[in-house]
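Q: A structural model of the following input is requested.
(chains A and B)
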Amino acid sequence: MLPRWLKVTARLLGSMLVTLLGLLALTFFIGRMLPVDPVVSIIGEQADQSTYNMVYHQLGLDKPLPVQFFVYVRAMLTGDFGNALFTGHRVADDLSRVFPATIELATFAIAIGVGAGVPLGMLAAVFRGSAIDHVARIIGLLGYSSPTFWLGLMGLIIFYAMLGLVGGPGQLDVSYIDIVQPHTGFILVDSLLEGETDVFWNALSHIILPASILGYGSMAYISRMTRSFMLEQLSQEYVTAARVKGLSRWKVIWRHAFRNILVQLVTIVALAYAFLLEGAVLTETVFAWPGFGHYLTSGLLAGDMNAVLACVLIIGTIFIALNLLADVLYRLLDPRTR
Amino acid sequence: MSQAASSAAGLRAWLTAEATQSARQARLQRLYFSWLRLRGNPLAMLGCVILCLLVVVAIFAPLIAPYGLDDQNLAARLSPPGGAHWFGTDDLGRDIFSRIVLGSRITLMIACLVAVIAAPIGLLVGTTSGYCGGWVDIVLMRVNDIFLSFPGLILALGFVAALGPGIRNAVIAIALTAWPPIARLARAETLTIRSSDYVAATRLQGASGLRVILRHIMPMCIPSVIVRITLNMAGIILTAAGLGFLGLGAQPPMPEWGAMLSVGRQNLSAWWLSAAPGLAILMTSLAFNLFGDGLRDVLDPRAE
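A: Below is the predicted model:
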């Protein structure tokens, strides 16, 4: 008899692999419906017919579609995304260079989202119908409805251009660039490792605004979900029973109700992290943040399909993986699903 | 006057009568009671009022806008909000208020076009999947899952990259990302309808599967699809604005709100370039969210 967790994981992994294959088929299809002839984009309009035929053959375009798809899948699985024409490097190298910046930003943002969203949602549930509940609802609604890139722009205008409280676009001021050697790729961590506190504070002043704005979106989501999870728990009989037993109100909320929503919260935070990656594309463009979102939009504007499709594929894979993680965690940690 | 009042009272009596004479009266009564409940929700009404205003503004845009779309006044470029230009002027001296008013047409047009394209696709896929079951269901829902496993904006970016920038391609790309939730909903509805007696009766009369789906199942799914679309509209508008902002949606001379914001990004010191179009986007998507939430509460009492 296999252990339960192994069976659950195996089944979910199987379903993930099918979705991943579909994802590959989708990016393959997008790449093939390109109105631009990939051969012409390599050799130019002037080349003669024999050169055209040669490149056509080299790209494998004369093979049947299923074979082309197989070749494509094999290349993608081995991390060979081709070359990015607009940077002149391999896409895989580019991505590993830009990804730490995005992870740093997204992690900072999710910390803000969880740190503010969970308490807000708890308070809204405990004091249901009170002023704080309404305030939480309005904050959430505005978070859902605002274009994040606009919030970023207004943040830059107010806190950078007008008040000068925070650093401007980019990860660092120009004078601080290239002081710190990349160890982990995360500037906040690297600067502390080297003891360059100036660089650390400068980096912090640059990350705080984009991270807050990204984090606001996930805060709206997390607080709304926390509220509904808490309301569900607070209506249960065990809460009344614990109160009757003489436990204080906050003890019941903290020790019993909150502990019971932890599993659901972990799932929600994993999903919120995935959605941060989507928000990062626009936020990074506004803040000229040298992460993958910035890379993706630069590739788009340069019409570089290799870079764009690699980004789409990687985000899709991260999405699927985080969904899977949330699913597995939920099934393993929640005793009711046994 | 009194005649109008008495006929209004008569209409209300007809709409609230306990015994209905016709199916149409019963249907209209249900709509009327839904409307009464919606009217009791102030936030939903606020959203409704904003949306109605937006539609009016869009219809009469050329009459409302004090300046023309491309009236340039280079002497007054980048002038701050004031008497002559309520929301200021942009980098070419064009009146921002006029451009926002005229831009409401583009935003509403994108939203409507996406709904018109995505809803039928979603309905057809969802009802077919639910009605046929078996391997058709498995394949269609797998495809659906793949689309759903993507964040909307990223997938739209991928499609726009392949199709090329422009407002038409942006609409197609957004529509391609908007149908999966509708399909999933329509499938769930179909599963509950499929085994009902009237569907069995229609089939016994010799109706083909296609006819059953098109004439007898799809109409039943339409109300919930409308609610779903309204709820998704805010996201659609934000995605369209994001594409415009990145320079992949509506192209610059067009007064699309997102594209106007990308001009604001190049002139951070002129805050009014960014403030007004962004507020317009925020108001529109907020209105759709408020109205959609209210609509869901009215039509689906199970939801909290």
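Q: Any regions of the stretch 1-150 of chain A where pLDDT drops low?
A: Applying pLDDT under 70 to the stretch 1-150 of chain A flags the ranges A:1-2, A:33-45.
Q: And for the residue nearest to A:A84 when sequence neighbours are not counted, the neighbour number?
A: Closest residue in space to A:A84, ignoring its immediate chain neighbours: A:A307 at 4.3 Å, by Cβ to Cβ, 6 or more residues apart in numbering or on different chains. The way it works is simple: take the backbone N, C-alpha and C, and place the C-beta from them, glycine included. Using other Cβ atoms under 10 Å in any protein chain shown, A:A307 has 28 neighbouring residues.
Q: go on, B:A259?
A: Using other Cβ under 10 Å, B:A259 has 25 other residues around it.
Q: List the single closest residue to it in space, sequence neighbours excluded.
A: With sequence-adjacent residues excluded and distances taken as Cβ to Cβ, 6+ apart, B:A259 is closest to B:G244, at 4.1 Å.
Q: Can you give me the distance of that neighbour to A:W150?
A: For B:G244, the distance to A:W150 (Cβ to Cβ, to the nearest Å) stands at 12 Å.
Q: Find residues that contact each of these two.
A: Taking Cβ atoms under 8 Å, 6 or more residues apart in numbering or on different chains as the criterion, B:G244 and A:W150 both touch B:L261.
Q: How far off centre is stretch B:173-186?
A: Relative to its parent chain, stretch B:173-186 has a centroid offset of 13 Å by Cα atoms, centre = their mean, to the nearest Å.
Q: Any residue of that stretch touching chain A?
A: No - Stretch B:173-186 is not in contact with chain A by Cβ under 8 Å from any Cβ of the partner chain; minimum separation 10.1 Å.
Q: Would you point out which residue is most central in the chain?
A: Looking at chain A here, since you left the chain open. The structure's chain A has its C-alpha centroid closest to A:L277; by Cα atoms, centre = their mean the separation is 2.3 Å.
Q: my bad, chain B
A: By Cα atoms, centre = their mean, the most central residue of chain B is B:M233, 3.8 Å off.
Q: which secondary structure elements does whichever helix or strand the residue nearest to the centre of chain A is part of contact?
A: Applying DSSP states H and E as the criterion places A:L277 in helix A:259-286. Using 3 or more Cβ pairs under 8 Å, 6 or more residues apart in numbering or on different chains; DSSP states H and E, the elements in contact with helix A:259-286 are helix A:91-126, helix A:148-155, helix A:197-234, helix A:292-301, helix A:305-333, helix B:152-163, helix B:218-245.
Q: what about that helix, average pLDDT?
A: Over the span of helix A:259-286, the pLDDT mean works out to 86.
Q: likewise stretch B:188-196?
A: Averaging pLDDT along stretch B:188-196 gives 86.
Q: now swap in stretch B:207-221 and tell me
A: The average pLDDT within stretch B:207-221 is 86.
Q: how far does that stretch stretch from start to finish?
A: End-to-end distance for stretch B:207-221: 19 Å, by Cα to Cα, to the nearest Å.
Q: picking up where we left off before, the residue nearest to B:A259 is in contact with B:P252, isn't it?
A: No - B:G244 is not in contact with B:P252 according to Cβ atoms under 8 Å; the separation is 9.5 Å.
Q: So if I had to pick from those two, which one is more boxed in?
A: Between B:G244 and B:P252, counted using other Cβ under 10 Å, B:G244 has the larger neighbour count: 30 against 12.
Q: Who are the contact partners of the more buried one?
A: Neighbouring residues of B:G244 by Cβ under 8 Å, 6+ apart: B:A170, B:A250, B:E256, B:W257, B:G258, B:A259, B:L261, B:S262.
Q: Residues of the stretch 151-300 of chain B that sit close to chain A?
A: Residues of the stretch 151-300 of chain B lying near chain A by Cβ under 8 Å from any Cβ: B:151-155, B:157-164, B:234, B:238, B:241-242, B:245-248, B:258, B:261, B:264-265, B:268-269, B:271, B:274-275, B:277-278, B:281-282, B:285-286, B:289-290.
Q: pretty sure A:A270 contacts A:L325?
A: Yes - taking contacts as Cβ under 8 Å, A:A270 lies within contact range of A:L325: 5.5 Å.
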